[in-house]
Structure formats: C-alpha cells, structure tokens
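**Q** structure, please.
(2 chains)
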Amino acid sequence: MDTVVLEGATHKKAGPGSVPGVPAPPVKRPKAKKAKKAVVFFEVEILDAKTKDKLCFLDKVEPNATIGEIKSMFHKSHPQWYAARQSIRLDPKGKSLKDEDVLQHLPVGTTATFYFRDLGAQISWVTVFLTEYGGPLLLYLMFYFRVPFIYAPKYDFTTSKHWVVHLACMCHSFHYLKRLLETLFVHRFSHGTMPLRNIFKNCTYYWGFAAWMAYYINHPLYTPPTIYGEQQVRIALIIFLFCQVGNFSIHIALRNLRPPGSKTRKIPYPTKNPFTWIFLLVSCPNYTYELGSWFGFTLMTQCLPVAFFTAVGFIQMTVWAKGKHRSYLKEFRDYPPLRSPILPFVL
Amino acid sequence: MSAPAMGTTKTAHSDVAPKKKRGPGALATAYLVIYNVVMTAGWLVIAVGLVRAYLARGSYHGLYYSIEKPLKFFQTGALLEVLHCAVGIVPSSVVLTGFQVLSRVFLTWAVTHSVREVQNEDSVLLFVSAWTITEIIRYSFYTFSLLNHLPYLIKWARYTFFLVLYPMGVTGELLTVYAALPYVQKTGLYSVTLPNKYNFSFDYHTFLILTMVSYIPLFPQLYFHMMRQRKKVLCHVEEYKTE
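**A** As a prediction, this is how the structure comes out:
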C-alpha cells in the first residue's frame, strides 16, 4: 500500500485561527482558550492490523480531532473504505475505537499509531430492517390469497372458511407493518450500519419462517384451534394486542431517552404510560412484549411452526436481553437491582 | 459430516500448538483420559467383531448384525463430547461438535436402525469400517495427547488416513440413505400429514433427500479444512515435537 500523506484538515473542530492546508503559526491569534499555549499538532499513522503496512500518514491533526474525523481523512486517501467499514484501534487485536473518541484523550503520544481493519461491505440498519420485515408482510399475504403454485390448483385464489385465518392474517400483517413504520419513524439507531452478509442471514430467517408459518395457517386443510376453540382465539387476540401496544410503548419510551441525532445511553425508567411500568422488573421489556405477542399468535393459530418460531425468537431475544442487561450493569453504577433481563424474576 | 471427520472439530484440541496448554484441570484430564481410553477400546471391539464375523462367515455381507450393539452404544456415547465442549474441558465449538456427533447418531439410529431393509446393504459395512478405523485413531490420538506422549505415528495417521476414510465413509452413508428412500416412502416412516390439530406436516422421505443434497456443500468444506490442518500440523512437526 502506498503511504499517503495528508494535511490534517479538520474543518469542524478547527479553531478560528487555523486554516486548512496552511501550517499553523507558532503563536495563535484569536484562539482565546489557548492564548498562551502553542497548539501541539498530532501526527497520525494508520497501519493495516494484519500486515502492519503503513496505509496512511496524517500530519497536523488537531488534538481534539475525533476518530470519526480521522476516518473521513483516511477515506479520502482510500476511497474504497468509507468510514462505516473502518475499524480503527490502538492495538491490532484490540477493540474498535468509537467515532466520538477524541485524539488527545487517547493513550497515544503526539505521533499516534492506529491499526485499521476492514469490516467489509456495510449496509445501513434501516435498509436491513425494511427488507427483512417487508418480506414476511408480502409473503404471508401471498399464502393468504392462495397465489398459484403453492397449494393444489383447485384452491388458487380461494379464501379460507375459518374466521381465525382472516384474523391471523390481520394480526401478522399489522405486526410487520408496525415494525416497518417503527423502523422509519421511531427507532434511533446507535450504529448506522452492519456487515452486508447480515442481510442475507436475517432475511433467510424472517422470510423462511414467515413462509413456513403462512403455508400451514392458510392451508386448505388447516384445523382451527380445537383445545378451547373460540375462547382460545379470543384470549390469544387479547394477549397479542396487549403486547403489541406494550411493545410500541417501550419503543417510544426508548426513543424519548435519546435526543435526535445523538447516541447517548441512559437507564430507561417507567413513564406515565402503564405499559412501561414493566421497566421496574425487566431491562428489555420490548423483548418481553414481543415474546408475548408471538405467544398469543401461537395460541391463536395453534400451529406448531408458529410455536417453533416463537421458541427460536425467544432464545435469540434472551441472548440479546442478557447482553443488554450486562452492559447496563457495567455502564451504570446505580442500575436498579430488581430488574431481570427479559422475564421478571426468572430470566 | 458424519463421515470420518478426523477431528475437524477437535483441531484446536492440543495438536497444532501443544505449548499453549491451558487445558482442563487434573480431575477433568483424568476423566477425559478414561473417556478416550474407553472409546478407543469400544471401537476396537467393533473392529475385532467385524474381522471375526468376516472370518466366521467367509463373506462381507450381513456383518452389521455382529457389531450392531457396540456400534450403537459407542457411537451414541459420543454425545458426551458435546457436553465436554459445553462444560469447557475440551476447547472445541459446541455447535461444530454437536453437528458432527448428531449426524453420526442420525445415521446410526434414524436410518440404519429404523429402516431394517438397509441393514444388509454393503454400504453399511463401508461407512462402519470407515468410522471404526477413524475413531480408533482419533480416540487414541486424544488419549496420548492428554498424557503428553503423542507418538508421531498416531498424529500422522490421524491427519493422513482421513484422505481415504472420509470419502469412503461419505460414500457409504450416502448409499445407505439412498437405499432407505423407497422403504421410507412406502411406509411413511416418521412422517406426519395434514390435517391434524397442530397444523404441521413432515415428510421424512423429502428430508432424507435434502440431507443427501446437503453433503454437496458440506463435505468439500470439511475435507479441505482437514487438508489444511494436515499441512499445518505435519509440515511444522519440527517445531511442535511432543515426544
């Protein structure tokens, strides 16, 4: 790799006195805070974490430059590596530095050496979410309307005679529509992107399960709940709706914790909305409510593939909840001790 | 795969870099030595059983019955290895080990045991012999490694025999599954049809076909992984002599 030398042109954080591309004079003019002190510029060299090749050398980097700004500078010399796919670290095997980290607060000398790792092609979270939720919405409807080549030809475009099948379609569609709208208008993401291969993995999971469930629920030989019949479906619907509202309430509460465009992290607390009171007992009630929704849907449809989907989702969400719970505990000394990750008192 | 994957999952287990032996404690080591010795002995019993049956009958056919019980016992016993990984006394991936052992157990019980008609097939002998030789070498390899006295011959065997045994085993397995297909379809073995109150269906016949198809992507990956391991282990033997 050729070493490219760039001027440390940090526009945003530059003081009023410094001009990009011009060597700073030893005595600054209107830099009020540092009237008497000379600004010590940093030099940054970026090495490949695996080969240790010198990839980039930046001189005259502002001491209060952030890693994010350094990433943009690196991107200029290596346009194929946009900032989202750069992992900059102090140690080749260490953890990635955050975009907000400030150069002078890092344990580096005035010549800082960073190691670069390519995270691979990245894709935005929003794109992934829209794709992975759009699929189930459409696929289920294809099975519901009995599009040709799924079931025997005599059933093409027929509708089920069971009212629970119509109800299930409405619930499933509502659920994924809600998710799509939340992705567009509610969620505030910490990371902009994830590795590209995730979209294939995630879509296979969501689309595959949706097709599998939809096949049986909308099958001409589908058997509606027999154990407690209509009563079962009614209770299941109530559980489902309750948990949908709950899940939405949590998403709104979490959104309100974080001002737009920021990446702050705060402990979530119960609000005036009763659906958020579950925060008293659980760290990740969004997962709790999600589990409840799918449990309701399982009960409503009495379909084994739905039970499998609920079980697998539960396992995955428990893993995520435990991780989140652990990071809450690590980050906040005063984290409420009564809370469990996903199930009150149990898990 | 279920084939003689000579420690595809266990390559981390003290062969490439025995110097970084942070391994299990003394009690765990003792247990693992006993486990591996017992397994080596078990598969030796199967090997001897096969040879004796062949000599007694004078032909290759129908040897399965002479070793059916020890095969089931010792192959199923390998499930413990998943536990070893889960508990941490063996530094391998639970998922990888689980997958391997499960596929062996699947072939032993869900195919060979369940479909009586295939038990006379020669393909059964093919994979049983491949498994037997592989396991004898693999378990003795672990035994010696744990005792820090690994003869080069065993290490060489483990990383060389698979070149023949792995394809041999895979062939035997695939032929056996293929032979089972018509019987499974005829009897509807392990299959569930609609309508039923759990709204679920499963066609074992199709499942077996999909299993066979899955060998296409999986087998080459595992085979080439072993070949890479072989290069790493056997070509750097000067640096890692454990004798």
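**Q** how far does the helix or strand containing B:Tyr166 sit from its chain's centre?
**A** Using DSSP states H and E, B:Tyr166 sits in helix B:162-187. Relative to its parent chain, helix B:162-187 has a centroid offset of 14 Å by Cα atoms, centre = their mean, to the nearest Å.
**Q** mind listing what's buried in the helix or strand that that helix is followed by?
**A** Counting by DSSP H and E, the next helix or strand C-terminal to helix B:162-187 is helix B:204-235. Buried residues in helix B:204-235, counted by 16 or more other Cβ atoms under 10 Å in any protein chain shown: B:204-205, B:208, B:211, B:215, B:219, B:222-223, B:226, B:229-230, B:233. (Glycine included, C-beta is placed from N, CA and C.)
**Q** pLDDT (mean, whole number) over helix B:204-235?
**A** For helix B:204-235, mean pLDDT rounds to 92.
**Q** now swap in stretch A:334-345 and tell me
**A** 91.
**Q** re earlier: hmm, which two among the buried residues of helix B:204-235 are most spread apart?
**A** Farthest pair in the buried residues of helix B:204-235 (Cβ to Cβ) is B:His205 and B:Val233. Separation: 41.2 Å.
**Q** for chain A, state which of the buried residues of helix B:204-235 is nearest.
**A** Distance to chain A across those (Cβ to the nearest Cβ) is lowest for B:Tyr204, with 15.9 Å.
**Q** what does chain A put close to chain B?
**A** For chain A, the residues in contact with chain B (Cβ under 8 Å from any Cβ of the partner chain) are A:216-217, A:219, A:221-223, A:226-227, A:301-305.
**Q** now with 6 Å, please.
**A** Contacts of chain A with chain B, taken as Cβ under 6 Å from any Cβ of the partner chain, map to A:216, A:221-223, A:226, A:303-304.
**Q** in helices, which of these appear?
**A** In helices, judged by DSSP state H, the following of the residues of chain A next to chain B are found: A:216, A:304.
**Q** top of the residues of chain A next to chain B by neighbour count?
**A** A:Cys303 (27 neighbours; other Cβ atoms under 10 Å in any protein chain shown).
**Q** wait, that one sits on A:Tyr216?
**A** Yes. Assessed by Cβ atoms under 6 Å, A:Cys303 is found in contact with A:Tyr216 at 5.2 Å.
**Q** so where's chain A shaky on pLDDT?
**A** For chain A, applying pLDDT under 70 flags the ranges A:1-38.
**Q** separation between B:Phe106 and chain A?
**A** To chain A, B:Phe106 is 19 Å away according to Cβ to the nearest Cβ, to the nearest Å.
**Q** tell me, how many residues neighbour that residue?
**A** B:Phe106: 15 neighbours (other Cβ under 10 Å).
**Q** my guess is it is in a helix, correct?
**A** Yes. Counting by DSSP: H, G, I helix; E, B strand; the rest coil, B:Phe106 falls inside a helix.
**Q** quick one, strands of the stretch 151-300 of chain A?
**A** For the stretch 151-300 of chain A, applying DSSP state E, counting those that start in this stretch gives strands covering A:193-195.
**Q** next, work out how far apart A:Thr66 and chain B are.
**A** Counting by Cβ to the nearest Cβ - A:Thr66 and chain B are separated by 38 Å.
**Q** that residue pairs with what?
**A** A:Val102 (DSSP bridges).
**Q** name the nearest residue to A:Thr127, sequence neighbours excluded.
**A** A:Ile199 (7.5 Å; Cβ to Cβ, 6 or more residues apart in numbering or on different chains).
**Q** A:Pro92 too?
**A** Closest to A:Pro92 by Cβ to Cβ, 6+ apart is A:Ala49, at 4.1 Å.
**Q** test my guess that that neighbour contacts A:Asp91.
**A** No. Using Cβ under 6 Å as the test, A:Ala49 is too far from A:Asp91 to be in contact (8.7 Å).
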